[in-house]
Each structure stands twice: as C-alpha cells, then as structure tokens.
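**Q** Just the structure for this:
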Amino acid sequence: EARMGAYRYLQELWKKKQSDVLRFLLRVRVWEYRHLPVVHRASRPSRPDKARRLGYKSKQGFVIYRVRVRRGGRKRQVPKGITYG
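**A** Alright, predicted model coming up:
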C-alpha cells in the first residue's frame with residue numbers, strides 16, 4: 001500500500017485541477033480574495049506544500065503577502081482607445 005503524507009497529498013491534489021475538491025476550493029478562495037485589498041498580508045500560505053519546497057518555514061520572521069495581478073496582456077488599457085502623445 002502506498003501511504004502518503006499531508007504534503008504529498010496536497011501535491012497530488014494540485015495536479016488534478018479539474019477535480020471537484022479543488023474546483024470548489026478555488027471557487028471559494030477566489031470569491032474570498034475578491035473582497036480583500038489588492039495587497040494584503042496572509043496569515044499562512046495558500047499552498048503550504050509549494051511554499052515549503054520554495055524554502056518557507058512556519059516560524060517567526062517569515063511573512064506571506066498576497067498581491068492581486070490584473071488579467072490580460074502587458075499593454076496598458078487606454079480609455080476609448082485614444083492614445084495621447
């Protein structure tokens with residue numbers, strides 16, 4: 001029997017983004033994030049397994065900030081398509 005730890009389980013879960021569990025989780029989280037400021041401090045990482053692989057430790061001195069990134073291309077949006085200058 002292949003036994004899996006919590007971090008491994010999360011890793012496998014994130015591979016299947018179309019699964020009911022992850023779809024529900026992401027939908028709830030996105031709704032929650034929409035109501036927060038653009039830049040805000042998060043109490044803990046939203047993906048602890050990934051954060052740990054990137055060197056995060058759950059101890060004093062580590063802070064997590066979440067920043068909203070606008071969707072779309074790199075070109076700046078201009079009102080009514082009028083570019084000045």
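**Q** Next one: residue 23 from residue 64, what distance?
**A** Using CB to CB, to the nearest Å, one gets 24 Å for the distance from residue 23 to residue 64. Placement of C-beta: from N, CA and C, glycine included.
**Q** no no, residue 27
**A** As judged by CB to CB, residue 27 and residue 64 stand 22 Å apart.
**Q** State the distance from the closest residue to residue 12 other than its chain neighbours to residue 17.
**A** Closest residue to residue 12 apart from its sequence neighbours, by CB to CB, 6 or more residues apart in numbering: residue 4 at 7.1 Å. Residue 4 sits 18 Å away from residue 17, going by CB to CB.
**Q** list the buried ones in the longest helix seen in the chain?
**A** Across the chain, the helix with the greatest residue count (assigned by DSSP state H) is helix 20-34. Residues of helix 20-34 classed as buried by neighbour count (16 or more other CB atoms under 10 Å): none.
**Q** Repeat that for stretch 8-18.
**A** Within stretch 8-18, the residues that count as buried by 16+ other CB under 10 Å are residue 10.
**Q** pLDDT averaged over it - what is it?
**A** Average pLDDT, stretch 8-18: 93.
**Q** cool, stretch 57-68 as well?
**A** Averaging pLDDT along stretch 57-68 yields 95.
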